[in-house]
Structure formats: C-alpha cells, structure tokens
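Undergrad: Sequence and predicted structure below; questions after.
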Amino acid sequence: MKKLMEEHRKRFGEFEVIEFVDEAEIQSIRDRMDIQVPLDLNWTWEYGSEVAELRSLYEKGKVNQWNAETDLDWDMPVSKDEWVLNPEASLMGQACKLMGKDEATQKAAAFDELAFSISQLLHGEQAALQLCGQLTNVCPTIDQKLYASSQVIDEARHTEVFAKFLQRKMGTLYPVGATLKNLLDELLGAEGMQKKMLGMQTLFEGTAVGIMNLMRQESRNAFFTEMITRVEQDEARHAAFGVLTMRRVVKEASSEELAAMEDWAFQILEALNANQQLDMLQVLGPKYDIDGESIVKLMMGLPNYAELNSIAYMHTVVPNLQRLGLITERTQDGWKNAGMMIDQRGGSSSAEFALA
C-alpha cells in the first residue's frame, strides 16, 4: 500500500515519521488556497424521510444548537499563569520539566502548545465547513442533505468559537501545519460521496471526538471545559452521521470498493499519526530550546507508547472502522505497528507523556 507524503518520511527506530523542514515548501503548502474539487450534484424529489435514524439525528441537531457568542461566559478567565490542562497532558510542558526548566516556563510552553493545537482544530473546522457544504450537493437522499446542512451551521459555530478563543484568551493563532494542510486538501478534493463521507465524517470527525474527549478530561479551566464539551457533543453527532451513512455504503460496496476504502482510511490516519507533533515542535521547540526530533524519539521509545498514542484513535474512530468492516485482518497489523490500535481499549484514561 502506497503511503502519503513518502518524500517527507524518515525512520525513528521502529517507526516511520513525517517531517517538513523546508520553510519555503511549508509556506507554499499554506499558500495553496485554491483546490480543484470534483463535485456531483444530486436532486431528489422524495421529501419524506427515507432513513429514520438520520432524520432523528437531524432533529437532535436542531434541538442542541447553541450560540458561541452568548451561551459561553467570555468573562471567565483563561491565564497563561495557570495550567489550563493538567501538566501531564502537555508534551511541551513535560519536555521543559525534563530539561530542568522552572514551572513558569513549563506553563508558558504548555500554553503555547494548547494555542497551536486549537489553531489546528480551527483550520480543520474550516475544512469541515467547506466539505459539509459539498455533502449537501453530493448526498442522494433528503435525510442526508438535511443533516449535512445542519452540520454546516455547526461547523460555522466551531470555526467562530475557536477563532474567538484564540483571539480573546490565547492571543495567538498559529498557521496550519504542512502535514494537516496536505491531508485536509486530500479530503476536500476527494471524489464522490463515499470518499467525502468516509474522509471527513468518519476519519476526521471520529478522531476529533477522541482528541476533544482527552482535552475535556484533562482540563483544569472552567471556560475551556465548557467550550470543548459543547464542541465535542456536536462532533459526536457528526461522527454518527458518518457511521450511519457508511453502514449503507459498505453494505452495497463490492469487495474491490471495500478494499479501496479500507486502504484509504489507513493511508489518511497513518499519515496524520506519522507527524507525531513534529510540525508543532518545529514551530515552538526553538523558543524553549527543545529538540523536536529528540523528544519524539524519546516518546516513541516509551514502553507504553502504543497505549498512550492510541487513546485518541481507540476512543471512536478505530472502533467505528472495525464495526464498518474497514479494518480487517489484512490491515490491522499496520494500525497496531503505527501505535494507533491496541487489542484492548486503552487502560489509561490520561494522556500522560511520562518522559521523566
């Protein structure tokens, strides 16, 4: 199976990572603003519900709408002098601690890491906003069109709330990482409803639920907890939309089509995982004298690396792919070897990067 971004791969011991180091190339990827998107448009004259589960999900989406400006108390404090997330949840904070830096520096590094992570989620939300707009065109049934349209406003709200959080509380919005931008372009440019649904709704929305669940569990800040909880609840509905639709897609697919979807799912998330936060460490590492490659090698050498690394994947996206039949004996060793899948659900509920 061909891997994505082959030219940027290198080996760290048993593992293969993706790293971008050429600043001019990184900037050219960020400057790639126009994407050619193949898009079919499907009319339907059947306005009654054809898929009861999707209509029910659409009704839940309508009931659970919220306003990013008025339903959050923006006067609540978020300070770089406090731990917004638990210290053990910050790779940068733990690296500074390992280097003997004082607690104020550890907090500052963790604060920067959180700003970088939320910035990447923000860029992902913009991609989801645009892809959901595509789904209103390519989906064939009225239930799918209605749900996708309701998700467009969800994604608009997420884009709004993360942008305001970064502006009002963090003070910094970091540009999109090169690895993430390449993958988002791949999803946005995917052909056909099946690939668009699998890529954004199943792979990225499912991974987002796992990441946000981790952040919520590790949060020490009341405002951040409230914000990320609201977004996570929306994302869980979005992932459910993907699963409910993909059940029907895989049921009707040929064995060749199933194998192609299974391979593509692994290609996308394997590439996302292979970056191992090197894009973030390249931006923030020099500020704190952190050698990104050394930290990643240390982390990947931990005896419980797979257990820690797989938490976000094992929460939603890997179980969903297994239930859909898109992780089989043919590909499961690849997921395990990449540290994205373990035999049993992760024994740890905390994303502790125990470097010391």
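TA: Ah, there it is.
Undergrad: all contacts plus neighbour counts: C-alpha atoms, from now on.
TA: Fine.
Undergrad: Any idea how many residues pack against Ile211?
TA: 18 (other Cα atoms under 10 Å).
Undergrad: who's in contact with it?
TA: Ala312 (Cα atoms under 8 Å, 6 or more residues apart in numbering).
Undergrad: May I see the buried residues of whatever helix or strand it lives in?
TA: Ile211 is part of helix 205-218, with elements assigned from DSSP states H and E. Buried residues in helix 205-218, counted by 16 or more other Cα atoms under 10 Å: 205-218.
Undergrad: can I get those residues in a markdown table with pLDDT and distance to Arg30?
TA: Formatted as a markdown table, these follow (pLDDT from 0 to 100; distance: Cα to Cα, whole Å):
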| residue | pLDDT | distance to Arg30 |
| --- | --- | --- |
| Glu205 | 94 | 22 |
| Gly206 | 95 | 25 |
| Thr207 | 96 | 22 |
| Ala208 | 95 | 22 |
| Val209 | 95 | 25 |
| Gly210 | 96 | 26 |
| Ile211 | 97 | 23 |
| Met212 | 97 | 25 |
| Asn213 | 97 | 28 |
| Leu214 | 97 | 28 |
| Met215 | 98 | 26 |
| Arg216 | 98 | 29 |
| Gln217 | 97 | 32 |
| Glu218 | 98 | 31 |
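Undergrad: What angle do helix 205-218 and the lengthiest helix in the chain make with each other?
TA: In terms of residue count, the longest helix belonging to the chain (DSSP state H) is helix 103-138. Relative orientation of helix 103-138 versus helix 205-218 (axes from the mean of the first three to the mean of the last three Cα atoms, to 10 degrees): 150 degrees.
Undergrad: Quick check: buried residues in helix 103-138?
TA: 105-129, 131-138.
Undergrad: cool, stretch 93-105 as well?
TA: 93-97, 105.
Undergrad: before we move on, what about stretch 59-78?
TA: 61, 68, 72, 78.
Undergrad: Show the end-to-end separation of it, please.
TA: Start-to-end span of stretch 59-78 (Cα to Cα, to the nearest Å) is 34 Å.
Undergrad: on that earlier part again, and the longest helix of the chain, what other elements does it pack with?
TA: The contact analysis (3 or more Cα pairs under 8 Å, 6 or more residues apart in numbering; DSSP states H and E) places helix 103-138 against helix 91-98, helix 142-165, helix 178-188, helix 192-196, helix 278-284.
Undergrad: Let's have the buried residues of stretch 93-105 in a markdown table, adding pLDDT.
TA: Shown next, in a markdown table, are these (pLDDT from 0 to 100):
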| residue | pLDDT |
| --- | --- |
| Gly93 | 97 |
| Gln94 | 96 |
| Ala95 | 97 |
| Cys96 | 98 |
| Lys97 | 97 |
| Thr105 | 98 |
